[in-house]
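Asks: kindly generate the corresponding structure for this input.
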Amino acid sequence: MSAPTNVLVVGGGISGLVCAWRLRQQRLPVILFEGSSRFGGVIGAVEKSGFLFDLGPQSFTATAPLRALIEELDLAGELLFADPGAPRYILFRGKLQPVRPSPPALLRSPLLGWRTRLRLLTEPLRHASPPQDDESIAAFVRRKFGEDLLANLVAPFVSGVFAGDPEKLSLRSAFPGVHALEEQYGSVLRGAMKSRPRVPREKGRESSLGNFRRGMVTLPQALVQKLGEAAQSGVEILALQRSAGENPSEGFELSYRQGGMLRQLRASAVVVATPTDQASNLLQQIDPRFPEAFAQIEYAGVAQVSAGYRMAQIAEPLASQERGFGFLVPRAEGLRLLGTVFSSFLFPGRAPTQPEQMASFTSFLGGATDPQLCQQTEDRIAEIARTELAKVLRIGGPPVVENVWRSQRALPQYNLGHQRVVAALRQLCAEIPGLFLAGNYLSGPSLGSCIEQSNQTAEAVAGRIATRA
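Replies: Alright, predicted model coming up:
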């Protein structure tokens, strides 16, 4: 058995990497174990025939904690930001309709009927309190605004962010800020107007949707480089137990296999930053209540098809006038596409420009409303995406290059009762001194939310170590 290390982080996704980096900054001995051969979790990249395809998330919102991390890692020079004026689209009755998230633009949108427009206009004049019980996003939107807004705007947006089902997703868990506005002001729109920041945006921050020159994978790669030998991959954890002894705060003992060798390690604190199925297997020996709690968090499977085309294959006016972020698809359109990102229109370096101009698109399928899709073969998934994208964008001929990526457990679902489950998990950890959780199932699946939550976890771990010193 080796000498105790202060902190063990299990899981080499972005949450584990950020937590380990923050602990390293505080000069705490930390080691990170990742079971697979690569770091980054669902963040990856593929290069094919001059195309660069992001796997998993396609961009990030540049929150303050994320910007601070980028500066610390000397990645500011690698940043790219999308054009803030680029339109977003909803496929409606077979045509791409531009959508701008302002009340005046929504009131003019053909996506909404006159009853829904009237409810939007009068919502600030009506005072309402949210129900005491957890409320689904669908129930909230129907109650406040009506079916049009749900079917044509909110449901596609929810599919794009969570790959989720608005009938199941909890408003207060998935969008706590919206719930808080109604709770505090009695009106979402009136609350949004009153709480709008009065400080002008900094110059150069008009668009906060970003990526890196070499893709999203740049961030985990930089963290791994900073951690050096402290970040170890290909580690199979065989057992994690509390240290034997009368004092329950003595720490943890770990048995693991690495490179064919059986090894052991002691740690004063452990951060479990894996998906919930792996966390459940790891922690069941510590407390049998963990599997039951983790089992209540569902995941949605997602398939991603990245494709490159010659610009000459794409019909006008998309090739010139309609370039934007991409489009989302309401279920009423009868397609299996959840949406498509116009990758090369957003960020440079995603498609070749010589000997002719190319374009790349990233389509998403599956999710909570179409769970069977991820069970199809890769060829069938690619065929569905190719056929439907060609129909929407009027593309002639097959793609120049194509790549299929899928995950049966791509995104955790913040369904009804999620806050109760997270509270139960936090209570379990509070009863086991030195045990902490990190991950995208706790306080938001976005990159910014994961980084903020990992920062908080690292602070809690450092505080724990300090009290034992």
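
Asks: going by C-alpha atoms from here, please, whenever you check contacts or count neighbours.
Replies: Noted.

Asks: show me the shaky parts of the stretch 151-300 of the chain.
Replies: 197-207, 245-250 (pLDDT under 70).

Asks: any chance you could map the strands in it?
Replies: Along the stretch 151-300 of the chain, counting by DSSP state E, counting those that start in this stretch, strands occupy 209-212, 231-232, 235-242, 252-258, 261-272, 299-310.

Asks: to residue 467, which of those strands lies closest?
Replies: Among the strands of the stretch 151-300 of the chain, the nearest to residue 467 by CA to CA is strand 261-272 (11.6 Å).

Asks: could you export the strands of the stretch 151-300 of the chain as TSV, including mean neighbour count?
Replies: Shown next, in TSV, are the strands of the stretch 151-300 of the chain (neighbours: other CA atoms under 10 Å):
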stretch	mean neighbour count
strand 209-212	21
strand 231-232	23
strand 235-242	18
strand 252-258	18
strand 261-272	20
strand 299-310	24
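
Asks: redo those as CSV? Include distance to residue 119.
Replies: Output for the strands of the stretch 151-300 of the chain, formatted as CSV (distance: least, CA to CA, whole Å):
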stretch, distance to residue 119
strand 209-212, 31
strand 231-232, 53
strand 235-242, 55
strand 252-258, 57
strand 261-272, 46
strand 299-310, 32
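
Asks: of these, which approaches residue 151 most closely?
Replies: Of all the strands of the stretch 151-300 of the chain, strand 299-310 comes closest under CA to CA, at 19.8 Å.

Asks: output that closest one as CSV, restricted to C-alpha atoms.
Replies: Taking Å, rounded to 0.1, in the frame of the first residue of the first chain, the C-alpha atoms of strand 299-310 are listed here in CSV:
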residue,chain,number,x,y,z
TYR,A,299,-29.7,9.4,-19.6
ALA,A,300,-30.6,10.1,-23.2
GLY,A,301,-28.8,8.4,-26.1
VAL,A,302,-27.6,10.7,-28.9
ALA,A,303,-26.3,10.0,-32.4
GLN,A,304,-24.2,12.6,-34.2
VAL,A,305,-23.6,12.6,-37.9
SER,A,306,-20.9,15.0,-39.2
ALA,A,307,-20.8,15.5,-43.0
GLY,A,308,-18.8,17.5,-45.4
TYR,A,309,-20.2,18.7,-48.8
ARG,A,310,-19.0,20.8,-51.7
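
Asks: by contact count, what packs against it?
Replies: With contacts taken as 3 or more CA pairs under 8 Å, 6 or more residues apart in numbering; DSSP states H and E, strand 299-310 sits against strand 51-55, strand 358-366, helix 378-393, strand 401-412.

Asks: output the contacting helices and strands for the helix or strand following that strand.
Replies: Once strand 299-310 ends, the next helix or strand along the chain (criterion: DSSP states H and E) is strand 326-328. Here strand 326-328 touches strand 88-92, helix 155-162, strand 337-341, going by 3+ CA pairs under 8 Å, 6+ apart.

Asks: what about residue 73, neighbour count?
Replies: Using other CA atoms under 10 Å as the criterion, residue 73 is surrounded by 14 other residues.

Asks: relative to residue 52, how far out is the residue nearest to it when sequence neighbours are not counted?
Replies: Among residues not flanking residue 73 along the chain, residue 222 sits closest, at 6.6 Å (CA to CA, 6 or more residues apart in numbering). To residue 52, residue 222 is 18 Å away according to CA to CA, to the nearest Å.

Asks: what about these two, which has more around it?
Replies: Set side by side, residue 222 and residue 52 show more neighbours around residue 52, with 23 against 16, by other CA under 10 Å.

Asks: surely that one and residue 347 touch.
Replies: No - counting by CA atoms under 8 Å, residue 52 sits too far from residue 347 to count as a contact (10.5 Å).

Asks: and this protein, what are its domain boundaries?
Replies: If you go by automatic domain parsing, the domain ranges for the chain are 5-40+217-297+415-468, 44-60+73-85+299-412, 101-194.

Asks: residue 211 is nearest to which of those domains?
Replies: Per CA to CA, nearest to residue 211 of the domains of the chain: domain 44-60+73-85+299-412, 5.1 Å.

Asks: now residue 453, what are its backbone angles?
Replies: phi -70, psi -40 (degrees, to the nearest 10).

Asks: roughly how far does it sit from residue 345?
Replies: 32 Å.

Asks: residue 417 too?
Replies: Applying CA to CA to residue 417 and residue 345 gives a distance of 39 Å.

Asks: and residue 82, by the same measure?
Replies: 9 Å.
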